[in-house]
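Engineer: below are the sequence and a predicted model for it; my questions follow.
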Amino acid sequence: MQHTTKSLVVTSRLRPGLGTVIAIEAEADSLQISELGVSAAFAAIAQAERLMHPARNGSDLAALRDCALGVALDVHAWTWATLELCKRLNRLSRGIFDPCLPGSKGRLRDLELQPHSVIPHARLQLDLGGIAKGFAVDRAIDALRRAGCRGGLVNAGGDLAAFGDREHEVWCRHRGRTAVIKLRNAALATSDTDNESRPTEHRGYYNGADWLAQVSGHAAVWAPNAAIADGLTKCLLAGDDASNAALLDAFDARQIRFQESR
């Protein structure tokens, strides 16, 4: 779909991906640029999904699961950057954020990062889930910018990001409660442990530091990019008020508060 606004051409497309339906909107000076941007953004999302699928053969995470312990494994720069963010979240949350599945023998602390490579020191089974989806959204935004788009919005289920001069009004609803967020050059992520629409291949990481815990709830975060926003939602669900406040401050983010709908 295309239309014009304030002399800009706006192209919008919907496609399945990342276990959800992805909506991409591009604003540009011409139809050619907006369509090029949308195509490049979907290609970036598809690449991120190939690289960081938790189990699919050919993904970096599948290679990490099967590689020899103590040996450096070369991974794509996108995978490395996502793992670096995961390690930072793990450290600052004191282990609450850990995308290793409960059945994994190792934990994120057993993964060593070297330039362009990773070294597992224990058998790891990673499911980056939402943070990988957020990273894919961020790379789609980058693709829109590189194509010459003036603005855009990428919405992948619970993760979305926007850039440009236009302010997007985003309505979030959860169990009769509502939050209205003004989004411009920023990102928003929501996580709900009771959401039945989560892809079956992504089993999430809502246990926090205690792998026997039953963490439940809903969280929404505004942040500079979608990967950070999504990662922080997982921390908020399992952390206490003091640690959550410190984490939000460290990443220049804020928690979204919901109000009862009228």
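Structural biologist: That came in fine, so what should we check first?

Engineer: from S34, how far out is T11?
Structural biologist: Applying CB to CB, to the nearest Å, the value for T11 to S34 is 4 Å. (Glycine included, C-beta is placed from N, CA and C.)

Engineer: mind showing which ranges of the stretch 51-200 of the chain have poor pLDDT?
Structural biologist: The stretch 51-200 of the chain contains residues with pLDDT under 70 at 174-176, 194-200.

Engineer: what about the strands in it?
Structural biologist: Counting by DSSP state E, counting those that start in this stretch, the stretch 51-200 of the chain has strands at residues 73-74, 111-114, 117-120, 151-156, 159-163, 168-174, 177-183, 186-192.

Engineer: how about those, which one is nearest A41?
Structural biologist: Checking the strands of the stretch 51-200 of the chain against A41 by CB to CB gives strand 151-156 as the closest, at 6.4 Å.

Engineer: which neighbouring elements make contact with the closest one?
Structural biologist: Helices and strands touching strand 151-156, by 3 or more CB pairs under 8 Å, 6 or more residues apart in numbering; DSSP states H and E, are strand 20-28, helix 31-52, helix 129-146, strand 159-163.

Engineer: so how far is it from its chain's centroid?
Structural biologist: 13 Å (CA atoms, centre = their mean, to the nearest Å).

Engineer: same deal with stretch 173-189?
Structural biologist: The answer for stretch 173-189 is 15 Å, by CA atoms, centre = their mean.

Engineer: and it, how far apart are its ends?
Structural biologist: Taking CA to CA, to the nearest Å, stretch 173-189 runs 13 Å from one end to the other.

Engineer: buried sites along it?
Structural biologist: For stretch 173-189, burial by neighbour count (16 or more other CB atoms under 10 Å) applies to 174, 179, 183, 186-189.

Engineer: farthest-apart pair in these, please.
Structural biologist: H174 and A186, at 20.0 Å, using CB to CB across the buried residues of stretch 173-189.

Engineer: tell me how far the residue nearest the centre of the chain lies from A156.
Structural biologist: By CA atoms, centre = their mean, the mean C-alpha position of the chain lies nearest to G134, the distance being 1.7 Å. Distance, G134 to A156, by CB to CB: 8 Å.

Engineer: nearest spatial neighbour of V21, chain-adjacent residues omitted?
Structural biologist: If the residues on either side of it in the chain are set aside, V21 comes closest to L14, at 5.9 Å by CB to CB, 6 or more residues apart in numbering.

Engineer: doesn't the one you found belong to a helix?
Structural biologist: No: assessed with DSSP: H, G, I helix; E, B strand; the rest coil, L14 is strand; it does not lie in a helix.

Engineer: which residues sit in contact with it?
Structural biologist: Under the criterion of CB atoms under 8 Å, 6 or more residues apart in numbering, the neighbours of L14 are 21-23.

Engineer: what's the ChimeraX line that selects buried ones from those residues?
Structural biologist: Buried residues within the contacts of L14, by 16+ other CB under 10 Å, are selected in ChimeraX with:
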select :22
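
Engineer: adding pLDDT and distance to G231, write the contacts of L14 out as a markdown table.
Structural biologist: Below are those laid out as a markdown table (pLDDT from 0 to 100; distance: CB to CB, whole Å):
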| residue | pLDDT | distance to G231 |
| --- | --- | --- |
| V21 | 93 | 22 |
| I22 | 96 | 19 |
| A23 | 96 | 22 |
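
Engineer: with distance to D74 added, can I get the contacts of L14 in TSV?
Structural biologist: Below are these laid out as TSV (distance: CB to CB, whole Å):
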residue	distance to D74
V21	33
I22	29
A23	34
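
Engineer: and the contacts of L14, which is closest to G58?
Structural biologist: Checking those against G58 by CB to CB gives I22 as the nearest, at 21.1 Å.

Engineer: would you confirm that the closest one contacts A44?
Structural biologist: No: assessed by CB atoms under 8 Å, I22 is found out of contact with A44, at 11.0 Å.

Engineer: list the buried ones in stretch 68-76?
Structural biologist: Neighbour-count burial for stretch 68-76, counted by 16+ other CB under 10 Å, picks out 73, 75-76.

Engineer: I misspoke; the intended subject was stretch 228-242.
Structural biologist: Within stretch 228-242, the residues scored as buried using 16+ other CB under 10 Å are 228-239.
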